[in-house]
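> how would this look folded up:
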Amino acid sequence: MDSLKIDLNADLGEGAPHDAELMALISSASIACGGHAGDVDSMRATVLAARAHGVRIGAHPSYPDRAHFGRRSLQITPAKLAIDITAQLWSLKAVCFEAGVSFSYVKPHGALYNDAARDAALADLIAGTIHEIDPGLALMGLAGSELIAAGQRAGLATISEVFADRAYLADGSLMPRDQPGAVLDHEAALAQALTVVNRGGLTAVDGTWLALNADSICVHGDNPHALAFLQLLHARLGAAR
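Have a look, this model is predicted:
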């Protein structure tokens with residue numbers, strides 16, 4: 001990937017039809033590893049595509065909830081959740097080993113990501129589990145959230161993430177998907193991404209300005225407009241191949 005003004009990441013290996021095309025336009029790929037989506041075959045295909053494009057590889061674990069695509073909070077014991085996360089990370093680690101590459105960061109998915117963004121204990125469990133597997137891994141999480149704080153407490157490198165295509169509440173959290181306007185349209189998402197890059201923050205739905213330290217911008221790979229959006233954003237950032 002040529003030099004970008006900011007890291008662009010997408011959640012891939014989730015069954016969307018345009019993963020291969022997206023891979024040419026991102027610098028980091030968070031790969032589903034069996035919790036909400038993905039299996040050995042999809043992980044292998046996505047890892048090989050990332051390797052071919054020189055894209056940084058990340059693990060994208062979730063609550064064990066394939067039926068709801070990991071977008072439902074689960075009541076699960078900390079011990080069971082740690083086991084599930086560990087299994088998902090090792091599954092991707094094995095696929096990466098086979099391909100002669102490694103993954104360098106972990107980004108929780110869906111409800112697990114959002115729950116841990118505000119729940120310090122859950123965030124600490126995730127960060128601690130990652131540290132036990134490999135203290136050299138980074139933790140990607142919502143900018144300014146408990147996930148980032150937990151990663152720092154655990155001694156992990158952290159990657160503060162902002163979403164291009166999601167609306168924000170005044171407290172810096174994402175507007176729940178079941179609320180109108182939670183997922184931004186093409187033009188609004190582009191404007192938000194460029195504002196993050198150029199001004200170091202974004203405007204919440206109530207008009208509050210949120211100053212956010214953004215290391216990476218996410219575009220959801222399962223969004224049907226993700227490819228067209230990334231092509232335009234990539235060009236606007238002056239980072240076309």
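> centre-most residue in this structure?
Closest to where the C-alpha atoms of the chain average out (Cα atoms, centre = their mean) is Lys107, at 4.9 Å.
> was I right to think it contacts Ala59?
Yes: checked against Cβ atoms under 8 Å, the pair Lys107 and Ala59 is within contact range at 7.3 Å. Heads up, the C-betas are built off the backbone N, CA and C, glycines and all.
> residues shared between the contacts of those two?
Ser30 (Cβ atoms under 8 Å, 6 or more residues apart in numbering).
> tell me the strands in this structure, going along the chain?
Shown for the chain, the strands assigned by DSSP state E span residues 7-12, 28-32, 56-60, 105-106, 138-142, 157-163, 201-203, 209-211, 216-219.
> nearest to Leu184, of these?
Of all the strands of the chain, the one in closest proximity to Leu184, counting by Cβ to Cβ, is strand 157-163 (8.7 Å).
> could you check the angle strand 138-142 makes with the closest one?
30 degrees (axes from the mean of the first three to the mean of the last three Cα atoms, to 10 degrees).
> give me the contact list for stretch 50-58.
By Cβ under 8 Å, 6+ apart, stretch 50-58 touches 1, 7, 9, 23-24, 26-31, 47, 49, 96, 99-107, 140.
> stretch 32-48 too?
Residues contacting stretch 32-48 (Cβ under 8 Å, 6+ apart): 11-15, 19, 29, 31, 57, 59-66, 68-71, 84-85, 87-89, 91-92, 95-96, 98-99, 101, 109-110, 112.
> put the buried members of the residues you listed into a PyMOL selection.
Typed into PyMOL, the next command selects the buried ones out of those (criterion: 16 or more other Cβ atoms under 10 Å):
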select buried, resi 11+12+13+14+19+29+31+57+59+60+61+62+63+64+65+69+70+71+84+85+88+89+91+92+95+96+109+110+112
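> from the contacts of stretch 32-48, which land in helices?
19, 84-85, 87-89, 91-92, 95-96, 98-99, 110, 112 (DSSP state H).
> these two touch, right, Leu12 and Gly221?
Yes: applying Cβ under 8 Å, one finds Leu12 in contact with Gly221, separated by 4.8 Å.
> where in this structure is pLDDT low?
Scanning the chain with the threshold set as pLDDT under 70 gives 1-4, 238-241.
> what is in contact with Leu12 and Gly221 at once?
Common neighbours of Leu12 and Gly221 (Cβ under 8 Å, 6+ apart) are Asp19, Leu22.
> how far off centre is stretch 180-196?
Chain-centre distance of stretch 180-196: 17 Å, with Cα atoms, centre = their mean, to the nearest Å.
> same thing with stretch 196-207?
19 Å.
> only whichever of the contacts of stretch 50-58 are buried, select them in PyMOL.
Buried residues within the contacts of stretch 50-58, by 16+ other Cβ under 10 Å, are selected in PyMOL with:
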select buried, resi 1+7+9+23+24+26+27+28+29+30+31+47+49+96+103+104+105+106+107+140
